[in-house]
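Asker: Give the three-dimensional model of this entry:
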Amino acid sequence: MEEQIFLDRLVTRYLNNNATTAELNVFLHLLKQGKLDETINRIVDAQIASESDESE
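Answerer: Numbers count the residues shown, from 1 in each chain. Below you'll find the model as predicted:
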């Protein structure tokens, strides 16, 4: 569970342009390995749904 929390924070920081250089390196490494696919999809889907709800 702690790993998922870390991945969520890492992806969120990346999407918000708040990631440090070290975090970007980790992000890219995990992205290349395919370990962020599910996390990115879930977070982006939630953001899209939230924006869609706000516009209605």
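
Asker: Would you tell me which helix is longest in the chain?
Answerer: helix 37-55 (DSSP state H).

Asker: Name the nearest residue to D8, ignoring sequence neighbours.
Answerer: Counting by CB to CB, 6 or more residues apart in numbering, T39 is the residue found nearest to D8 once chain neighbours are left out, at 6.2 Å. Every C-beta, even on glycine, is put in place using the N, C-alpha and C of the backbone.

Asker: Can you give me the separation between that neighbour and L31?
Answerer: 10 Å (CB to CB, to the nearest Å).

Asker: out of these two, which sits in the more crowded spot?
Answerer: A count of neighbours by other CB atoms under 10 Å puts T39 above the other of T39 and L31, at 18 against 15.

Asker: which SS state does the spatially most central residue of the chain fall under?
Answerer: With distances taken as CA atoms, centre = their mean, V11 lies nearest the centre of the chain, 2.2 Å away. When classified by DSSP: H, G, I helix; E, B strand; the rest coil, V11 comes out as helix.

Asker: Show the average pLDDT along the longest helix of the chain.
Answerer: Averaging pLDDT along helix 37-55 yields 92.

Asker: From the chain's centroid, how far away is that helix?
Answerer: How far helix 37-55 lies from its chain's middle: 10 Å, per CA atoms, centre = their mean, to the nearest Å.
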